[in-house]
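>>> Got a predicted model here, sequence first, then my questions.
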Amino acid sequence: MTRFFVGGCFILFILFFGYSPVKGQAPNQQGFEIMKNLDIYSNLIKELDQDYVDEINPGELTETGIDAMLQSLDPYTNFIPESQVEDYKFITTGQYGGIGALIHQQGGYVVISEPYEGSPAQKSGLKAGDKILEINGKQVKGKSYDDVSTILKGQAGTAVNLIIQRDGVEKPIEKTINREIIKIDNIPYSGMVDKTTGYIKLSGFTQNAAKELKQAFLKLKEANTLQGIIIDLRGNGGGLLNEAVDIANIFVERGQEIVSTKGKMPDKNRAHMTMNPPVDLVIPIVILVDRQSASASEILAGSIQDLDRGVILGQRTFGKGLVQNVVPLSYNAQMKITVAKYYIPSGRCIQAIDYTHKKKDGSLNVIPDSLIRAFKTKDGRTVYDGGGINPDIVTEPKRFSNVALALYGKFLIFDYATKFVREHDSLPPASKFEINDSVYNDFLSFINGKDYSYSTKSERALEQLKETALKENYFDAVKEEYDHLKSRMNKDKEEDLKKYKDQVKELLRLEIVTRYYYQKGKIEASLKDDTELTEAISTINNRERYSAILTGKYIQPKPKIPVKNQEEDDDESEN
């Protein structure tokens with residue numbers, strides 16, 4: 001069945017039309033169990049409504065119960081109430097009705113993080129750093145960015161009235177903004193990174209992603225002597241499976257299997273083939289990936305690797321090999337449900353975590369090294385399953401220091417960029433702007449006296465030592481050494497702004513560039529100090545090494561599977 005019902009409607013559906021259980025389960029037993037438990041639930045809600053000491057909200061209780069039930073399965077099977085249907089449409093279409101701006105929570109206010117270039121927010125003059133005081137005459141101080149995001153979104157053509165507070169402006173500013181259909185580009189930036197190497201940043205797999213990538217590739221090819229292409233999938237959490245297949249089709253022959261899906265129901269078992277004539281079968285390809293490259297990103301990277309069509313560079317990908325379908329429920333609700341696993345051309349499944357067999361404590365099973373299996377690519381290279389795509393060239397991820405992360409996380413870099421924009425009408429091109437010592441010293445003056453405290457691992461270990469020593473009555477004996485170590489650590493932290501000056505400068509540069517040149521400029525500026533991009537360019541230009549990787553002469557060690565956290569919600573919201 002493709003339509004599911006909840007509550008009494010489901011019981012009536014079974015009684016009148018019967019129930020078709022999944023293969024391998026007794027029809028009468030399975031149907032009885034479902035009817036019995038729905039009847040229990042129905043009676044439970046009625047009793048709570050009648051006898052519970054306070055008024056209950058049946059809708060909220062039901063949604064809580066549904067969410068708890070689905071959480072026992074996997075993190076990708078979700079209930080979508082009618083109020084959130086539009087948000088889920090954005091995942092597949094990349095479109096929504098709103099003003100076109102990122103927002104975030106800062107203190108008691110919701111603040112504009114970044115208006116999209118060309119959006120109603122940008123055309124109305126909204127700027128990053130603007131605090132939202134009122135929306136449509138109602139104060140929003142203290143509301144979460146989720147609440148504010150819901151209010152800002154709406155049908156295209158409708159208006160929303162904002163009262164904002166801008167840094168450096170005494171009186172609040174009123175803005176009336178007409179909502180539009182906001183389209184988030186799958187490709188926010190493409191260009192040449194040297195005389196013969198092109199670069200395409202692919203940030204999503206929503207509708208028309210393949211069409212957009214094909215257009216970007218042909219534009220680079222027609223305007224330049226293109227001898228290699230880099231496709232950047234870092235941070236790309238995936239999207240539509242068919243778009244990944246069609247993108248692979250740009251570089252591989254028609255009629256090639258890119259991914260197959262295998263589920264419990266026979267109609268979920270199918271092979272997804274390339275259907276169109278390819279654009280370029282010979283140009284060298286390097287695909288950049290990281291731990292956040294997931295789902296459709298892994299289909300694309302994995303198929304290119306399995307077909308020996310290109311080189312994968314970066315860190316092992318997330319390992320999401322589960323396929324979801326969205327099915328309608330009653331009352332305009334929907335459910336996103338995991339229906340199958342997918343397998344890339346070598347036959348390997350890239351799912352990293354086994355959600356079916358959870359441990360008694362609720363923790364999850366990650367595939368151990370001993371169970372990792374070897375597979376062969378089209379030309380005989382050895383690749384492995386066990387979760388995610390292991391790159392042909394493994395690089396260390398970029399890591400920022402505690403002080404840099406504290407300055408960023410406490411919005412001091414963001415707030416300084418707001419001040420900088422107020423004092424500077426223009427900026428050099430994104431690729432040329434630098435934070436000189438004068439600007440950096442001004443930043444140090446700006447943060448003087450502000451809180452950017454952070455704890456190091458050493459400090460946390462020292463505090464743990466103190467707690468243990470106090471419990472065991474040893475602390476008095478080591479107090480002098482403890483105070484000396486703590487003092488030395490604090491002194492070292494004072495030097496962090498000098499020691500990690502280049503990191504702080506980089507974060508400042510990217511934040512400031514974004515204010516003038518938006519996402520496109522931010523990506524362009526970020527490429528300047530991108531060591532992985534440099535490695536990718538070098539790989540393309542070194543044809544001997546590139547060929548050695550694709551023929552298996554470049555030996556990749558058997559991967560170890562890192563323990564991965566579940567995907568977390570972004571702390572910014574699109575509106």
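Alright, I've got the coordinates.

>>> Do you have the helices of the stretch 101-250 of the chain handy? List them.
Using DSSP state H, counting those that start in this stretch, the helices of the stretch 101-250 of the chain run over residues 120-123, 145-152, 209-223, 241-249.

>>> which stretch among those helices comes nearest residue 87?
For the helices of the stretch 101-250 of the chain, proximity to residue 87 was assessed by C-beta to C-beta; helix 145-152 is nearest, at 8.9 Å. Every residue, glycine included, has its C-beta placed from N, CA and C.

>>> quick one on the thing from earlier: where among the helices of the stretch 101-250 of the chain is average confidence lowest?
Note on those: helix 145-152 shows the lowest mean pLDDT, a mean of 90.

>>> Per-residue confidence, the residue most central in space within the chain, what does it come out as?
By C-alpha atoms, centre = their mean, the chain has its centre lying nearest to residue 237, at 4.8 Å. Per-residue pLDDT puts residue 237 at 94.

>>> Can you give me every residue that contacts it?
Contacts for residue 237 were tallied using C-beta atoms under 8 Å, 6 or more residues apart in numbering; they are 292-295, 297, 318, 567.

>>> Which members of those occur in helices, if any?
residue 297 (DSSP state H).

>>> about what we covered before: tell me which of the helices of the stretch 101-250 of the chain sits most buried.
helix 241-249 (a mean of 24; mean count of other C-beta atoms under 10 Å).

>>> Tell me which other helices or strands that one touches.
Under the contact criterion of 3 or more C-beta pairs under 8 Å, 6 or more residues apart in numbering; DSSP states H and E, helix 241-249 touches helix 209-223, strand 257-263, strand 270-273, helix 296-306.

>>> Show the residue spans covered by the strands in the stretch 301-450 of the chain.
311-314, 322-328, 334-343, 353-354, 365-366, 374-376, 382-384, 393-394 (DSSP state E, counting those that start in this stretch).

>>> Any chance of JSON lines for those, columns distance to residue 413 and mean pLDDT?
Shown next, in JSON lines, are the strands of the stretch 301-450 of the chain (distance: least, C-beta to C-beta, whole Å; pLDDT from 0 to 100):
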{"stretch": "strand 311-314", "distance to residue 413": "25", "mean pLDDT": "98"}
{"stretch": "strand 322-328", "distance to residue 413": "36", "mean pLDDT": "89"}
{"stretch": "strand 334-343", "distance to residue 413": "36", "mean pLDDT": "92"}
{"stretch": "strand 353-354", "distance to residue 413": "34", "mean pLDDT": "82"}
{"stretch": "strand 365-366", "distance to residue 413": "35", "mean pLDDT": "66"}
{"stretch": "strand 374-376", "distance to residue 413": "44", "mean pLDDT": "94"}
{"stretch": "strand 382-384", "distance to residue 413": "40", "mean pLDDT": "92"}
{"stretch": "strand 393-394", "distance to residue 413": "30", "mean pLDDT": "95"}
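
>>> most tightly surrounded among those strands?
strand 311-314 (a mean of 25).

>>> where in the stretch 251-400 of the chain is pLDDT low?
358-367 (pLDDT under 70).

>>> Residue 268 versus residue 421, what's the distance?
51 Å (C-beta to C-beta, to the nearest Å).

>>> I should have written residue 448 there, sorry.
60 Å.

>>> Name the residue in the two with the higher neighbour count.
Here residue 448 and residue 268 are compared on neighbour count by other C-beta atoms under 10 Å; more neighbours surround residue 268, at 14 against 7.

>>> In contact with the more buried one, which residues?
261-262, 323, 339-340.

>>> Tell me which of the strands of the stretch 301-450 of the chain sits nearest to residue 513.
strand 311-314 (23.5 Å).

>>> Please save the CA atoms from the closest one in PDB.
What follows is strand 311-314, C-alpha atoms only, in PDB (Å, rounded to 0.1, in the frame of the first residue of the first chain):
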ATOM      1  CA  VAL A 311      39.100  10.300  -8.700                       C
ATOM      2  CA  ILE A 312      37.500  10.900  -5.300                       C
ATOM      3  CA  LEU A 313      39.400  13.200  -2.900                       C
ATOM      4  CA  GLY A 314      38.800  14.100   0.700                       C
END
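
>>> Count the residues that sit near residue 54.
For residue 54, using other C-beta under 10 Å, the count is 4.

>>> correction: residue 373
Count around residue 373 with other C-beta under 10 Å applied: 12.

>>> Also residue 116?
22.

>>> Redo the helices of the stretch 101-250 of the chain as CSV? Include distance to residue 109.
Shown next, in CSV, are the helices of the stretch 101-250 of the chain (distance: least, C-beta to C-beta, whole Å):
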stretch, distance to residue 109
helix 120-123, 17
helix 145-152, 9
helix 209-223, 35
helix 241-249, 37
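
>>> just to revisit the earlier point, could you dump the strands of the stretch 301-450 of the chain into CSV and include distance to residue 176?
Formatted as CSV, the strands of the stretch 301-450 of the chain follow (distance: least, C-beta to C-beta, whole Å):
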stretch, distance to residue 176
strand 311-314, 45
strand 322-328, 35
strand 334-343, 33
strand 353-354, 48
strand 365-366, 52
strand 374-376, 59
strand 382-384, 56
strand 393-394, 52
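
>>> Residue 435: which of those strands is closest?
Per C-beta to C-beta, nearest to residue 435 of the strands of the stretch 301-450 of the chain: strand 311-314, 26.7 Å.

>>> what packs against that closest one?
strand 285-289, helix 296-306, strand 393-394, helix 531-541, helix 543-550.

>>> repeat that with 7 Å
Here strand 311-314 is seen to pack against strand 285-289, helix 531-541, helix 543-550 when contacts are counted using 3 or more C-beta pairs under 7 Å, 6 or more residues apart in numbering; DSSP states H and E.

>>> Let me know the angle separating the first one from helix 296-306.
Strand 285-289 and helix 296-306 are oriented at 140 degrees to each other (axes from the mean of the first three to the mean of the last three C-alpha atoms, to 10 degrees).

>>> hmm, who's touching strand 285-289?
Residues outside strand 285-289 that contact it (C-beta atoms under 7 Å, 6 or more residues apart in numbering) are 229-234, 251, 297, 301, 304, 309-315, 317, 389, 391, 532, 536, 539-540.

>>> if we can go back for a sec, hmm, which of the contacts of residue 237 are the buried ones?
292-295, 297, 318 (16 or more other C-beta atoms under 10 Å).

>>> and which of the residues you listed is nearest to residue 475?
For the buried ones among the contacts of residue 237, the nearest to residue 475 is residue 292 (42.9 Å; C-beta to C-beta).

>>> nearest spatial neighbour of the closest one, skipping sequence neighbours?
residue 235 (4.8 Å; C-beta to C-beta, 6 or more residues apart in numbering).

>>> Tell me how many other residues surround that neighbour.
The burial count for residue 235: 15, using other C-beta under 10 Å.

>>> Same check on residue 499?
Neighbour tally, residue 499, other C-beta under 10 Å: 12.

>>> Could I get the full set of helices for the stretch 301-450 of the chain?
Going by DSSP H, counting those that start in this stretch, the stretch 301-450 of the chain shows helices at 402-409, 412-423, 437-447.

>>> Check which residues of stretch 251-261 are buried.
Under 16+ other C-beta under 10 Å, the buried positions of stretch 251-261 are 251-252, 256-261.

>>> go on, stretch 271-278?
Under 16+ other C-beta under 10 Å, the buried positions of stretch 271-278 are 272, 274.

>>> again with stretch 438-451
439-440, 443, 447.

>>> Among those, which has the minimum pLDDT value?
residue 447 (94).

>>> So the protein: which segments form each domain?
8-56, 95-183, 189-397+545-574, 402-453+500-536, 457-496 (automatic domain parsing).

>>> Rebuild the ones you listed as TSV, extending it with distance to residue 81.
Formatted as TSV, those follow (distance: least, C-beta to C-beta, whole Å):
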stretch	distance to residue 81
domain 8-56	16
domain 95-183	12
domain 189-397+545-574	5
domain 402-453+500-536	31
domain 457-496	41
